[in-house]
Each structure stands twice: as C-alpha cells, then as structure tokens.
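> heads up, no residue letters with this:
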C-alpha cells in the first residue's frame, strides 16, 4: 500500500491550504486515517484523525481551524487548514490503518508534504 500526499506549500499567516493523501496498491480496507506533523526539532504529533465511520478528533492546537475528511471511494483523506499560523509550519504526514488482503493489518505512512506559514 502506498500513500501519496500532496497540497503543501508556502502560505502567509491567516491563509489556507488543503492537503490530500491517496492510498493505492493492492486489495485493502482502510480503517482510521490521520494526519501527523513534525516541526523542526520537535517530535511528530497527531494533528487530526478520522475513523472509517467518520468520527473525528483533533489536536487542541488546530481545533476550529482544521477539518479532516475522507472519500472512501477514492481512498483519500483530506486536511483543510484555515487561519494558518506560523507555528503550523511543519512536514505533514498522512497515516492509515490498513488491512491488506493476504498480508494482514498494519499502519502505513505517506512521504510527507511541507507546509510553511510565513508571518
């Protein structure tokens, strides 16, 4: 299973970006999908997650500004980021809890997409 993330870039504080992450490769079922981020010198942290049924949870730092959603038919998860702050600058990674036919269940990571918010 491969996860391909896209949508990062440079934006001014207060601006918006939309990240996408599409899963492909083989026959699989996706359970929870999530976005993490890692800022320079910091540990990777959970930003938002969405279950297969659509339940969501967010880090306190992004509540009210970010929205996670998914399109199960497209096997894609999105992260709509509004009112971006300089402290949102980080590499954003998508993550998926996947059951792969004939292989079993496991977590997969995308390659990361850079989000830079300028003041």
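Yep, that arrived. Values in this document were obtained by computation on a predicted structure and should not be read as measured data. Numbering: from 1, shown residues only.
> Residue 66 is in contact with residue 78, correct?
No. Contact between residue 78 and residue 66 fails when scored by Cβ atoms under 8 Å: they sit 10.4 Å apart. All C-beta spots, glycine's among them, are computed from the backbone N, C-alpha and C.
> Now the element after the helix or strand bottoming out on mean pLDDT in the chain, going C-ward?
Lowest by mean pLDDT, DSSP states H and E among the helices and strands of the chain is strand 104-109, with a mean of 93. Past strand 104-109, further along toward the C-terminus, the next helix or strand under DSSP states H and E is strand 113-118.
> now for that following strand, which elements pack on it?
Applying 3 or more Cβ pairs under 8 Å, 6 or more residues apart in numbering; DSSP states H and E, one finds that strand 113-118 contacts strand 9-12, strand 17-24, strand 90-100.
> May I see the buried residues of it?
Neighbour counts using 16 or more other Cβ atoms under 10 Å place 113, 115, 117 of strand 113-118 among the buried residues.
> how close does residue 14 get to residue 26?
Using Cβ to Cβ, to the nearest Å, residue 14 is found at 41 Å from residue 26.
> wait, residue 33
17 Å.
> Compare neighbour counts for the two and give me the winner.
residue 33 (28 against 12; other Cβ atoms under 10 Å).
> I'd guessed that one sits against residue 20; true?
No. Counting by Cβ under 8 Å, residue 33 sits too far from residue 20 to count as a contact (11.3 Å).
> Name the residues contacting each of these two.
residue 77 (Cβ atoms under 8 Å, 6 or more residues apart in numbering).
> Check which strands are paired with the least confident helix or strand of the chain and give the direction for each one.
When pairs are called by DSSP bridges, strand 104-109 turns out to pair with strand 90-100 (antiparallel).
> Show residues contacting the strand it pairs with.
1, 3, 5, 8, 19, 21, 23, 26-40, 42, 44, 47, 77, 79, 105-115.
> Find the centremost residue of this structure, please.
Centroid-nearest residue in the chain: residue 35, 2.7 Å away (criterion: Cα atoms, centre = their mean).
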